[in-house]
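[1] Next come a sequence and a model predicted from it.
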Amino acid sequence: MAIVNVTDQNFSKETAEGLVLADFWAPWCGPCKMIAPVLEEIDGEMDEKVQIVKLDVDENQETAGKYGVMSIPTLLLFKDGEVVDQVIGFQPKEALVDLINKHA
């Protein structure tokens, strides 16, 4: 599966089933740019376990507000529509893989 860009309109639908890692980011955010290739790698290696979605917080403030996102990047891990874990700021690949495996 490829990484999907989501919006306020389709966020709930895209995170409703299975394990989904949602990246709350913005184009001007340095750490967001640093974590993007890490997420691409994880998507390539773990696409059977997890779907990765990205939400631009500048364009989709409703969803960011709903989940209390104050700092970016914020990564929320959803399992069947419910938030089961959260990390804020740049994370190394190993930490994100461990996070996903903990809930897979």
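    Ah, there it is.

[2] Ends of stretch 64-78, what's the gap?
    14 Å (C-alpha to C-alpha, to the nearest Å).

[3] Same question for stretch 20-39.
    End to end - C-alpha to C-alpha - stretch 20-39 spans 12 Å.

[4] For the spatially most central residue of the chain, give the beta-bridge partners.
    Geometric centre of the chain, nearest residue: Ala22, 2.0 Å, by C-alpha atoms, centre = their mean. Taking DSSP bridges as the rule, Ala22 bridges to Val53, Leu76.

[5] and stretch 51-61, average pLDDT?
    For stretch 51-61, the mean pLDDT works out to 98.

[6] which of the residues in it are buried?
    By neighbour count with 16 or more other C-beta atoms under 10 Å, stretch 51-61 contains the buried residues 51-57, 60. (C-beta placed from N, C-alpha, C; glycine too.)

[7] In CSV: these, plus distance to Gln91.
    Shown next, in CSV, are the buried residues of stretch 51-61 (distance: C-beta to C-beta, whole Å):
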residue, distance to Gln91
Gln51, 18
Ile52, 13
Val53, 16
Lys54, 15
Leu55, 17
Asp56, 19
Val57, 17
Asn60, 22
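
[8] Now for the residues you listed: which two are most distant?
    Greatest spatial distance in the buried residues of stretch 51-61: Gln51 and Val57, 19.2 Å, computed using C-beta to C-beta.

[9] what residue ranges in the protein score low on pLDDT?
    Along the chain, the model assigns pLDDT under 70 to residues 1.

[10] where along it do the strands fall?
    4-6, 19-25, 51-56, 74-79, 82-88 (DSSP state E).
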